[in-house]
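Student: can you look at this prediction? I've put the sequence above it.
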Protein chains: 2
Amino acid sequence: MPPYAAPMHNRRADGVREALEQMIVTGELPDGERLDEVSLADRFGCSRTPLREALHALAASGLVQLIPRRGAFVRHPGLEEMVEMFEVMAELEALCGRLAARRVTPALLGALQATVIACEEAVAAGDHDRYYAENERFHLLVYEAAGNGFLAAEAGRLHRRLKPFRRLQLRLRGRMAQSLAEHRTVLSALQDGRPEAAAEALRDHVAVQGGKFNDLMASYRRSSLHAGSETALRA
Amino acid sequence: MPPYAAPMHNRRADGVREALEQMIVTGELPDGERLDEVSLADRFGCSRTPLREALHALAASGLVQLIPRRGAFVRHPGLEEMVEMFEVMAELEALCGRLAARRVTPALLGALQATVIACEEAVAAGDHDRYYAENERFHLLVYEAAGNGFLAAEAGRLHRRLKPFRRLQLRLRGRMAQSLAEHRTVLSALQDGRPEAAAEALRDHVAVQGGKFNDLMASYRRSSLHAGSETALRA
DNA sequence: AACGGATTTCTTGTATACAACATGCTTGAC
DNA sequence: GTCAAGCATGTTGTATACAAGAAATCCGTT
């Protein structure tokens, strides 16, 4: 199996990258914030070289905008862009489901069933964090079940990027139970080998439509990730 | 409109990146080739710093594999991975078509029609290069017509990565005329505002299925991009 | 002669020094 | 007083120097 992502945590630059990524997605670094190389290198106790590497990697992920000879700026997705990303994510998940319904192995089916059970327990206990973790596991298993390594990597990439927003979504009242029901529908379609049913179930599960849009808007506003000024964005 | 890709061609590293990318996709650098930093920097007349930047960017694009403390290696997709990428590409194009059928503007419809006409001329003249160029333009227009900037960026990324293989495909006998007919079907669906028809047409247009798989295999073998040894890949 | 270990050499990862460019301020003219 | 040009400052891009890890070689032992 060819590797689609390089191994991490070996070079110091990777640590800086993760730290910065965390600071960005948590909103500690607001949108538009200028990322000065020397001060950040100072803060992380390293030189500019690994820090620049981290900034370029973040730029490749879309979390940072890199303007030549001007510097790096934090770039949080606006509401519009977030809807766009969810639109693509829904389709990628749908494809995963369609393929997985045909290709899933018994072992993966068992693992999927186990996560659904774990989700049920989390809902019963009202444990948001537990549910969040099991929910993520469920989706990653679906990606893997699709039997397409490239697709799994791409879906995982986008999933990771949408992570913070998804988490906000789950906090909304009743969303957890609804999500669990949708997981059951997906699992059922995979067990019965119904590709289109699995695709539709996953698409609807992820898509931002109807009332979900208002929920997303509300949680986005509350997240205040876009607290920074827009002045830095006029390239 | 938020920018999804940084402007290029400003720093010297970008030039190196493009040159290396060209050398890789043309097969001048075979699969598994080790990319020594000092010798390459020497060859490009620059220091190791911009060259390392280029290598990291190429690693993000998936064209090279970066093993910590070991070096960078050219990584051409194997046949399996190529099929995987086409599977995803087909779905992204289908999504573009579905959305474009609802969102396309008259101006873009006109541009699409113009490229189809240009494609017809190219087919009549037997001009592969011209057809290739217009074909690419057609697809990029579809991406744009979907009205989802993020999707357009992702589709464009994958399209670019599959570029060399698509080109080989078009060289096959009769493929150009068939491709043109499929473009007509897509355009018709977009004009009439039939989302599912457009999606299906584009999916079938891109997907590797039936006889196309054998064609792909044949052209892949002939491309000899995988001429290098596999020894370097055992990480 | 074959194997194991230590050393040596080469390569990558990191730090620092230098250069080019952008920006902001000062100063001078109108 | 306002605007513009030039200078000063600071930041990024690049080059070079240094450190640490990996690989190959050489030597000693069995």
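Tutor: Nice, thanks for sending it over. Numbering: from 1, shown residues only, chains lettered A, B, ... in the order given.
Student: biggest helix in chain A by residues?
Tutor: Determined from DSSP state H, the single longest helix within chain A is helix A:79-103.
Student: which parts of that helix are buried?
Tutor: By 16 or more other Cβ atoms under 10 Å in any protein chain shown, the buried positions in helix A:79-103 come out as A:81-101. All C-beta atoms are positioned from the backbone trio N, CA, C, and that covers glycine.
Student: could you do stretch A:108-115 as well?
Tutor: Quick answer for stretch A:108-115 (16+ other Cβ under 10 Å): A:108-109, A:111-112, A:115.
Student: which ones are touching residue A:21?
Tutor: For residue A:21, the contact set (Cβ atoms under 8 Å, 6 or more residues apart in numbering or on different chains) comprises A:58, A:61, A:63.
Student: give me that answer again for 7 Å
Tutor: Going by Cβ atoms under 7 Å, 6 or more residues apart in numbering or on different chains, residue A:21 touches A:58, A:63.
Student: and for residue A:105, the neighbour number?
Tutor: Other residues lying near residue A:105 total 12 when counted by other Cβ atoms under 10 Å in any protein chain shown.
Student: can you tell me how far it is from residue A:139?
Tutor: Computed as Cβ to Cβ, to the nearest Å, the residue A:105 to residue A:139 distance reads 17 Å.
Student: now swap in residue A:169 and tell me
Tutor: Counting by Cβ to Cβ, the gap from residue A:169 to residue A:139 is 13 Å.
Student: so between these two, which is more surrounded?
Tutor: In this view residue A:169 and residue A:139 are compared by other Cβ under 10 Å, and residue A:139 has more residues nearby, 23 against 20.
Student: quick one: the more buried one from DNA strand C, how far?
Tutor: According to Cβ to the nearest atom of the strand, to the nearest Å, residue A:139 stands 31 Å off from DNA strand C.
Student: quickly find the element holding the closest residue to that residue other than its chain neighbours.
Tutor: In space, and not counting its chain neighbours, residue A:139 is closest to residue A:159: 6.2 Å by Cβ to Cβ, 6 or more residues apart in numbering or on different chains. Under the criterion of DSSP states H and E, residue A:159 resides in helix A:149-170.
Student: tell me the helices and strands packed up against that helix.
Tutor: Helix A:149-170 is packed against helix A:79-103, helix A:128-145, helix A:175-192, helix A:211-223, helix B:79-103, with contacts defined by 3 or more Cβ pairs under 7 Å, 6 or more residues apart in numbering or on different chains; DSSP states H and E.
Student: packing partners of the first one?
Tutor: Judged by 3+ Cβ pairs under 7 Å, 6+ apart, helix A:79-103 is in contact with helix A:128-145, helix A:149-170, helix A:175-192, helix A:195-206, helix A:211-223, helix B:79-103, helix B:149-170.
Student: can you give me the angle the second one makes with helix B:79-103?
Tutor: Read that as helix A:149-170. Counting by axes from the mean of the first three to the mean of the last three Cα atoms, to 10 degrees, helix A:149-170 points 50 degrees away from the direction of helix B:79-103.
Student: then the first one?
Tutor: The directions of helix A:128-145 and helix B:79-103 differ by 110 degrees, with the same axes, to 10 degrees as the criterion.
Student: do the same with the last one
Tutor: With the same axes, to 10 degrees defining the directions, helix B:149-170 sits at 130 degrees from helix B:79-103.
Student: rounded mean pLDDT for helix B:149-170, please.
Tutor: Per-residue pLDDT over helix B:149-170 has a mean of 89.
Student: would you mark the buried spots in that helix?
Tutor: For helix B:149-170, the buried set under the neighbour-count rule, 16+ other Cβ under 10 Å, comprises B:149-159, B:161-162, B:164-169.
Student: host element of the closest residue to residue A:83 other than its chain neighbours?
Tutor: Excluding the flanking residues, the one nearest residue A:83 by Cβ to Cβ, 6+ apart is residue A:208, at 5.7 Å. Counting by DSSP H and E, no helix or strand carries residue A:208.
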